[in-house]
Structures are given as structure tokens and as C-alpha cells.
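Asker: have a look at this fold, sequence not included:
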DNA sequence: CTAGTTGCAAAAGCTTTGCATGCAT
DNA sequence: ATGCATGCAAAGCTTTTGCAACTAG
């Protein structure tokens, strides 16, 4: 809820994990937490350039990758052409408006497909759920490999 | 269920909508329907090249776009780096296995997050639901514009 | 003949990589 | 001094676009 508090905690977690928090990285974190727009790389880059004119896209990319690996942010591929980023809180689903192009957060109220509040407020044209994990076959192989060794 | 039947029906629908079914397009359709792998563009292209050595990636792209616009196939962005394609039937959700890299179909059994069969069979690490449509604000604007005119 | 499709090549993004420079501990 | 982060440039991919040649009805 409280963004300032969210940011403080994220920074604390990163520090404890030994991440060097350079001004550039701080700027990326701050921009991400403060924006509720799920910005793409270029948006983040353009915004930070105003404060740090020397920052390069490569730094933004590497920072985002770092934060993603640390589990502090989520990479969204809801837009086909470029990745967007979301500092994770409790929320989880996303609505891409085909009219204004914004990406809105959607509370998980049971199922995204039958979520009444969602359907009542917005016009839902399509739902895609992407599940990431390990499939049953690979799990079986894992088990076999373990039992052999 | 019956792929031959699915394909026949898809072709029938396309014909009725006035789509020219060239050999290249037929090859794309056939490959898509027959494969249960959710192939990416290059996989489709490489496969068809064996039969039609002269086919170009551009033709594959344009055919896929056409089929997508016709609502006959679905473009998946479950992989961040390239689009994959799925001839739509009744099913809807997808699991990307981080071990073997395959994309598996997942029946919608209620909610993808709490789907018991899914959780029992595979290891679910992350779920992202993408909803496409029009947000409440744009719907309101639409209504205002209509009432004005 | 006409409209639409194909194939090639070039171009346009987005993203990654390599490397020298620079900063911080 | 050492290791890491930065910034720049180049390269790698996927995807789009333009255009001439071709094909089908």
C-alpha cells in the first residue's frame, strides 16, 4: 500500500543480499515503485535520463534483470513487442486496455475468468493464463535421476 | 479432438470469408493443426521449407497474422523472446516447462491458480493471467462520445 | 486483366554482449 | 588494488515493410 515503505523494504532486502545500490539502480527502483503504469524499458530509460543524462539503456536492462532474478520485480509479456515491469506486491493479474494501451492491475478475486468485479467494470475480450513451472514428465525424470544416484 | 475434422472446418470458415487458400497458407494451417507443440515462427518456417523450399519467412508471418485476425489461431507470448502459435479449440491455458521448454495445454478446470489437477500433476512456480479488453475509463469515454453525437 | 500473394532484401525494433573506463570498498 | 558497475558501440534476434515478380480467378 505505502510505496515509500515498500521501497524501503525492497532496498533493505537487496542490501542484505549484498547488492550494490548505485544511484542508477536506485533511480530504476524508485521509478518502478512510484509508477503504477507497468513501464517498459524505454519509458524507464527516458525518465531516468532526465536526472542522470549519462545513463545507458544497457544499465537499465541489467538492473531490471538483476531485480527480476532477485524476485523483486515481475517481467510482463502482456504486450507482445516489449517487456514491461511491475514491482510485485500482493496483486497479480493484468488487464491490457486495447483502447488506451494502459496495463491495469487486477485483484485476484477467485478466478480471472469469472471474477465478477473485473467483468462488471471492464470489457473483457480475452484471457490468457500462463503457468510457469515444471511439467509432469520432467518431474518424473527428476525423480528417476535421484533414485538412480 | 479430431484434427482432420478441425482443419476441414477451419478451411471451410476461411473459404466462406473469401480467404485465398494458397499452397503456402495451407501448409501453415496443416502444420499448426497437426502439431501439439505451439510452434514459433521459425519452427513453422523450417518445417514448411522442406516441402516448399521457396517459402519465405515473410509469407509465414503474414499467414499467421491473417489467421490471427480471423480468430482462427491464438498468438502466445508465454515465451518472452518470440511468439508461439496455437490453433484454438476448446482449451485455453498454457504451461511452459522450465525444464524441457515445451508449452503444454492445460484444461480450464475452474481457476488456473487453484486448478487441482494442474497442481497435482505439474510443479507450478508462477501464474500470470493476461486479460485483454477495454478498461472502465475507456468504456465511459465511449459512452460519453456516443451520447454527444 | 485485376487483385491479391509471394519472396527477397532491407529496415526497424528490442535486447544482449564485449570491452574499456570509472567508481567504491 | 580489486572487483563490480557503467556506458558505449556493435551485434543478434525477431518482426515489419517495400517492392517487383508472379499467380489465380
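Answerer: All right, it came through fine. Since the structure is predicted, the reported quantities are computational estimates derived from the model, not experimental observations. Numbers count the residues shown, from 1 in each chain, chains lettered A, B, ... in the order given.

Asker: list the contacts for residue A:36?
Answerer: Each residue near residue A:36 by C-beta atoms under 8 Å, 6 or more residues apart in numbering or on different chains is listed here: residue A:105. In this view, the C-beta of every residue, glycine as well, is placed from N, C-alpha and C.

Asker: does it sit in a helix, a strand or a coil?
Answerer: coil (DSSP: H, G, I helix; E, B strand; the rest coil).

Asker: can you tell me how far it sits from DNA strand D?
Answerer: 24 Å (C-beta to the nearest atom of the strand, to the nearest Å).

Asker: and that residue, its phi and psi?
Answerer: phi -110, psi 20 (degrees, to the nearest 10).

Asker: what does chain A have sitting close to DNA strand D?
Answerer: Counting by C-beta under 7 Å from any atom of the strand, chain A comes close to DNA strand D at A:19-20, A:22, A:24-25, A:52, A:54-59, A:62-63, A:80.

Asker: nearest to DNA strand C, of those?
Answerer: Ranked by distance to DNA strand C (C-beta to the nearest atom of the strand), the residues of chain A next to DNA strand D are led by residue A:58 at 3.7 Å.

Asker: can you count the residues close to the closest one?
Answerer: Residue A:58 sits with 9 neighbouring residues when counted by other C-beta atoms under 10 Å in any protein chain shown.

Asker: that's a strand at it, yeah?
Answerer: No - assessed with three-state DSSP, residue A:58 is helix; it does not lie in a strand.

Asker: residue A:3 reaches residue A:31, doesn't it?
Answerer: No - counting by C-beta atoms under 8 Å, residue A:3 stays clear of residue A:31, with 11.5 Å between them.

Asker: would the helix-or-strand element of chain A with minimal mean pLDDT count as contacting chain B?
Answerer: Lowest mean confidence among the helices and strands of chain A (mean pLDDT, DSSP states H and E): helix A:116-121, at a mean of 85. Yes - Helix A:116-121 reaches chain B (C-beta under 8 Å from any C-beta of the partner chain) through A:118, A:121.

Asker: next one: the helix or strand following that helix to chain centre, how far?
Answerer: As assigned by DSSP states H and E, the chain's next helix or strand after helix A:116-121 is strand A:123-134. The chain centroid and the centroid of strand A:123-134 are separated by 15 Å under C-alpha atoms, centre = their mean, to the nearest Å.

Asker: residues of chain A that sit close to DNA strand C?
Answerer: A:40, A:41, A:42, A:57, A:58, A:61, A:62, A:65, A:81, A:82, A:83.

Asker: got the domain boundaries for chain A?
Answerer: A:1-89, A:90-149 (automatic domain parsing).

Asker: could you tell me the least trusted of these?
Answerer: Across the domains of chain A, domain A:90-149 has the smallest mean pLDDT, namely a mean of 87.
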